[in-house]
Structures are given as C-alpha cells and as structure tokens.
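S.K.: I would like the atomic coordinates for the input below:
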Amino acid sequence: MAGTTMAGEADLFSYDHESMAIEMAALDNLEEFVTENPSVSLSEMLASDNELASNMAETNAFYGFDLMNDRALGIGGFWWGCCLGPVGVVIVWLVADDPGETKKSIFGCIVSSLLGGGSSLYYNYSY
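M.R.: Here you go, the predicted model:
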C-alpha cells in the first residue's frame with residue numbers, strides 16, 4: 001500500500017490546555033516585568049531571588065541561551081583554532097576565559113597547520 005500513512009498513537013499529539021495556559025501566564029508576567037525594567041539582567045533577577053526568573057530558571061527555560069558556559073560563543077576552542085588559526089586562538093583566549101579551551105584552540109591551530117602544510121607538500125611534489 002504505497003502512499004498510505006497511519007498514526008497509531010492519537011494522544012501523542014495532545015496536550016494539557018490548562019497547564020499550557022498557566023505556563024504562558026508566567027511568561028507573560030516575566031515579559032511585563034522586563035518591559036517595565038529594561039535595565040535589569042537575568043543574573044540580577046536571579047541574585048535578588050526574583051520569583052519570575054527563579055521559576056524560569058528551574059524549568060531550564062534559559063538553557064538554550066547559555067552560550068558562554070565554557071566555550072567561546074558556543075563553539076569549541078578546537079574549531080576556533082582549526083578554522084581561524086592564530087586569530088581563533090586569540091578570540092578564545094579573550095572570550096572564553098578558560099585555559100582548557102585556549103589549549104584546545106592551540107591544538108586546533110596546530111592540526112590545521114599540519115594538514116595544510118602536508119596537503120601543500122603532497123600537491124607540489126606529487127606531480
């Protein structure tokens with residue numbers, strides 16, 4: 001039977017409307033607070049035990065926005081060094097403030113240099 005699709009679990013796509021409304025109300029309250037206080041940051045809100053921010057942090061709502069945990073802009077140090085060379089090492093050193101990530105960027109720079117030099121030698125001396 002080509003072209004036939006069947007869904008076996010109908011409740012797979014259902015959700016609780018009441019709990020969704022409660023969560024959205026919490027988001028609306030947080031949005032209203034931030035609109036009224038534009039200079040406040042998330043870390044200041046968490047430090048002052050703001051209930052709105054605490055609720056959002058507990059549910060990991062800000063998890064996807066934590067780009068500076070131990071990487072420069074969410075990209076590993078190795079790739080900064082491998083793709084941008086010494087410039088990538090400097091970027092990681094300035095932004096990440098993590099000696100481990102800086103070391104990885106140096107290794108990435110070395111690997112990139114070795115691969116580039118090796119392929120250049122192969123190309124020049126193989127013909």
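S.K.: residue ranges for the helices of the chain, please.
M.R.: With helices called from DSSP state H, the chain shows them at 17-36, 42-47, 51-58, 77-84, 86-95, 99-126.
S.K.: So which bits of the last one are buried?
M.R.: For helix 99-126, the neighbour count (16 or more other CB atoms under 10 Å) marks E101, T102, K104, S105, I106, G108, C109, S112 as buried. Backbone N, C-alpha and C define where each C-beta goes, glycine included.
S.K.: since we're on the residue nearest to the second one when sequence neighbours are not counted, how many residues are nearby?
M.R.: The one in question is T102. Distances taken as CB to CB, 6 or more residues apart in numbering put W93 closest to T102, at 4.9 Å, once the chain neighbours are dropped. Other residues lying near W93 total 18 when counted by other CB atoms under 10 Å.
S.K.: Quick check: the gap between W93 and L27.
M.R.: Between W93 and L27 the computed distance is 38 Å (CB to CB, to the nearest Å).
S.K.: for A47, same thing?
M.R.: Counting by CB to CB, the gap from A47 to L27 is 21 Å.
S.K.: which residues of this structure score low on pLDDT?
M.R.: 1-13, 52-73, 127 (pLDDT under 70).
S.K.: what's the domain layout of it?
M.R.: Domain assignment for the chain, taken from automatic domain parsing, gives 13-65, 77-126.
S.K.: End to end on stretch 35-49, go ahead and measure it.
M.R.: 19 Å (CA to CA, to the nearest Å).
S.K.: contacting residues for W79?
M.R.: G88, G108 (CB atoms under 8 Å, 6 or more residues apart in numbering).
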